[in-house]
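Fold the following.
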Amino acid sequence: MTVSSPPDATSELIGRDGDVARLDALLDGVRDRGGALVIRGEPGIGKSALLDRARARASSLGARTLATMGVESESELAFAGLHQLLEPIGSRIERLPDPQRQALDAAFGVADLVEADPFRVALAAYRLVSDAADSGPLLLIADDAHWLDHSSLDVLSFIARRLDNEPVVFIAGLRDGFSTALEEAGLPIVRLGRLSACDSERLVDLVASGLSSDARARVLAEAAGNPLGLVELARTVPGAADPVELLSPTPRALTARLERAFGARLDGLGEDARLVLLAAALDGRATTAELLSAATLVCGQEVALSALDSAAERSLAQVRGSEVRFEHPLIRSAVQSTAPPAQRLAMYAALAEVVRDPERRLWHRAACAVGHDDEVASALEEQAQIARRRGAVMVAAAALERAAMLTGDPRRKGERLVRAAELVYDLGRVDVVSRLLREAESLELGPLEAARLAWLQQMISGDVWFERRAAKTFVTIAEQLLAGGDPDAALRSLVPIAHRCWWTRTRARTRHYVVDAAEGIGFPGDDPRLLVVISLADPESTAPSVRRRAAQLRLQEMTDPVAVMYVGIAAEKAGDFAAGSRFLARAVEGLRGQSRLGILTQALVHYAWSATYAGDSNYSGSTSPAVTVTVH
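Take a look at the predicted model:
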């Protein structure tokens with residue numbers, strides 16, 4: 001049989017005429033206007049091929065391309081994807097105004113003393129891209145965007161929504177089955193379907209013209225119109241030890257079939273090449289030098305760059321600049337899945353030795369740890385605090401959960417699990433919160449952690465809305481938190497029961513009881529948490545005082561979006577709808593930037609309420625989302 005080379009990015013994309021025309025129309029007008037497009041589809045459907053086509057088209061038009069690629073192993077590294085995208089124009093960061101430069105420095109870990117405000121990071125990145133576009137049109141590409149970290153996705157969606165008047169086009173490839181901020185931003189979407197029977201036959205005949213009729217029929221049936229499946233299965237038939245087994249009629253997930261096809265292409269690679277590819281699969285941001293060093297440690301003898309020649313010849317991976325890039329993400333998956341578990345652990349340990357970036361080095365240490373490792377657990381806890389300050393809540397939660405798994409002391413482990421659950425609750429992942437709490441319940445917990453756990457259980461069960469004597473339950477939890485030395489958590493814990501007071505016909509005695517409990521914790525009268533509790537619990541009695549106290553707070557001086565939301569809610573319930581609308585608009589932007597979907601839902605409801613009463617349903621402030629934004 002004859003196996004032809006696959007078409008390059010500038011040649012015809014079989015069965016994609018309409019999609020190519022839409023892509024070309026967007027790019028052809030880039031000098032006059034910008035825009036954005038999300039290309040969505042199943043694995044192997046041709047998203048990357050269209051992105052390559054866009055890159056080639058942009059080059060022919062004189063536009064510069066900045067690209068980032070999502071890697072599953074990096075999805076927990078805050079702003080990693082954004083850093084990769086902006087790195088080629090990183091020298092321009094110094095020209096930004098100080099607040100924006102400092103925001104990007106904080107996001108990229110350059111300045112430890114400055115916390116990354118997600119809104120400022122997004123604004124700074126947008127300004128950087130706009131300034132770079134003054135020198136010529138730009139194409140921004142995000143391939144495998146579903147594996148980008150949430151912080152980067154939020155910034156990219158912010159930028160993509162604002163390109164109409166910029167000579168910049170943003171195009172992202174997104175796999176089906178994932179929900180990201182790019183879709184939620186309302187960007188135009190191209191959904192790639194499978195190829196028709198006629199187009200599938202054309203593609204198979206192009207890449208494998210010598211297939212027997214039986215093998216050809218099996219390839220067409222198994223690939224079911226998936227372009228990558230058609231190409232890879234057709235390529236693999238002659239080299240497989242058992243072609244019948246490879247193309248077995250037994251139903252399997254398409255991704256598994258493709259990974260198996262890619263795995264077959266790894267057969268015959270030398271050990272050196274496999275080790276370098278394994279290192280690249282486990283760390284997509286490692287430099288070539290780091291990959292070779294890690295492979296050398298595992299191999300026990302020096303591994304040279306020439307080890308990758310055979311991988312390049314098989315179109316598995318290429319050395320591009322200082323990085324090794326896989327030709328398709330499924331090759332990365334195949335490399336990981338076919339490596340023995342002991343070898344993966346050894347490679348993680350080697351990467352932990354050679355990788356220079358401290359955050360990635362820590363995650364490699366955590367990945368290779370077996371059993372308990374209190375030193376790594378403590379380091380992960382510190383990293384969680386850093387990530388939380390940077391607004392990367394999901395990263396912080398992941399770090400705390402992994403720290404708990406490595407913790408030997410049951411009480412300390414329980415504490416970390418509960419803290420992880422608190423962060424995940426903010427993200428709206430009730431299923432994960434339930435799992436973490438079940439694990440924590442089986443451990444010995446101190447009084448403070450037990451109170452935190454009790455509060456979370458109340459919240460995910462919904463008892464706050466239906467349980468009799470719920471006010472007593474929540475005030476008791478607040479007292480336990482206060483006695484345990486956490487007055488901040490004590491005051492925050494009363495917010496849900498205060499909400500119940502607002503939404504239900506609560507007796508005056510209960511309202512006064514909640515207000516007295518909040519004021520008795522001892523915080524200043526203008527504390528946002530105190531304002532929101534007393535304004536929700538008893539608005540009739542507290543409204544004049546709340547309006548007076550809230551008026552003393554300055555929105556531009558507040559960086560915590562939850563605190564901003566609390567002030568907005570308090571102002572709204574006290575009757576100052578204009579102030580409530582301003583504060584809540586900024587809170588929505590900040591919470592979305594941190595992917596704190598649970599709290600974001602509350603903020604959107606209150607914002608819609610406040611803006612409506614303020615006569616501000618079409619509010620057009622620079623930080624305001626539309627009132628009709630769909631709740632995540």
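
quick one, domains of the chain?
For the chain, automatic domain parsing gives the domain ranges 17-191, 197-266, 271-368.

What are the contacting residues of stretch 536-553?
Here stretch 536-553 makes contact (CB atoms under 8 Å, 6 or more residues apart in numbering) with 494-495, 497-499, 501-502, 508, 511-512, 514-515, 518, 525-526, 528, 531, 534-535, 567, 569-571, 573-576, 579. To be clear about C-beta, it is placed using only N, CA and C from the backbone, and glycine gets the same treatment.

Kindly export that stretch (C-alpha atoms) in PDB.
Extracted in PDB, the C-alpha atoms of stretch 536-553 (Å, rounded to 0.1, in the frame of the first residue of the first chain):
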ATOM      1  CA  LEU A 536     -30.100  41.600  54.500                       C
ATOM      2  CA  ALA A 537     -31.200  40.500  58.000                       C
ATOM      3  CA  ASP A 538     -33.100  43.600  59.000                       C
ATOM      4  CA  PRO A 539     -33.200  46.300  56.200                       C
ATOM      5  CA  GLU A 540     -36.000  48.300  57.700                       C
ATOM      6  CA  SER A 541     -34.000  49.000  60.900                       C
ATOM      7  CA  THR A 542     -30.500  49.300  59.500                       C
ATOM      8  CA  ALA A 543     -31.000  51.000  56.100                       C
ATOM      9  CA  PRO A 544     -30.100  54.600  57.200                       C
ATOM     10  CA  SER A 545     -27.000  53.400  59.000                       C
ATOM     11  CA  VAL A 546     -25.900  51.100  56.200                       C
ATOM     12  CA  ARG A 547     -26.200  53.900  53.500                       C
ATOM     13  CA  ARG A 548     -24.100  56.200  55.700                       C
ATOM     14  CA  ARG A 549     -21.400  53.600  56.300                       C
ATOM     15  CA  ALA A 550     -21.300  52.400  52.700                       C
ATOM     16  CA  ALA A 551     -20.900  55.900  51.300                       C
ATOM     17  CA  GLN A 552     -17.600  56.100  53.100                       C
ATOM     18  CA  LEU A 553     -16.100  53.200  51.100                       C
END
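
out of everything not next to it in sequence, what's closest to L437?
Excluding the flanking residues, the one nearest L437 by CB to CB, 6 or more residues apart in numbering is A421, at 5.5 Å.

Please report the distance of the one you found from P410.
Distance of A421 to P410, given as CB to CB, to the nearest Å: 16 Å.

who's more crowded, these two?
With neighbours defined as other CB atoms under 10 Å, A421 and P410 compare such that A421 has more, 28 against 13.

tell me the contacts of that one?
By CB under 8 Å, 6+ apart, the contact set of A421 is V432, V433, L436, L437, A440, L453, L456.

buried sites along stretch 173-191?
For stretch 173-191, the neighbour count (16 or more other CB atoms under 10 Å) marks G173, L174, R175, T180, A181, L182, E183, E184, A185, L187, V190 as buried.

ok, so of the residues you listed, who is nearest A281?
R175 (17.6 Å; CB to CB).

Disregarding residues adjacent in the polypeptide, which is nearest to the closest one?
Ranked by CB to CB, 6+ apart and with sequence neighbours excluded, the top spatial neighbour of R175 is H146, at 4.7 Å.

Wasn't the one you found part of a strand?
No. Under DSSP: H, G, I helix; E, B strand; the rest coil, H146 sits outside any strand and is assigned helix.

Next, count neighbours for it.
By the criterion of other CB under 10 Å, H146 has 21 neighbours.

now it: how far from E271?
As for H146, its distance to E271 is 32 Å (criterion: CB to CB).

for F79, same thing?
36 Å.

Those two: which has the busier surroundings?
Taking other CB under 10 Å, F79 and E271 do not tie; F79 has more neighbours (29 against 12).

Just give the number of residues close to the residue nearest to the more buried one when sequence neighbours are not counted.
Closest residue to F79 apart from its sequence neighbours, by CB to CB, 6+ apart: A107 at 4.4 Å. By the measure other CB under 10 Å, the count of residues near A107 is 30.
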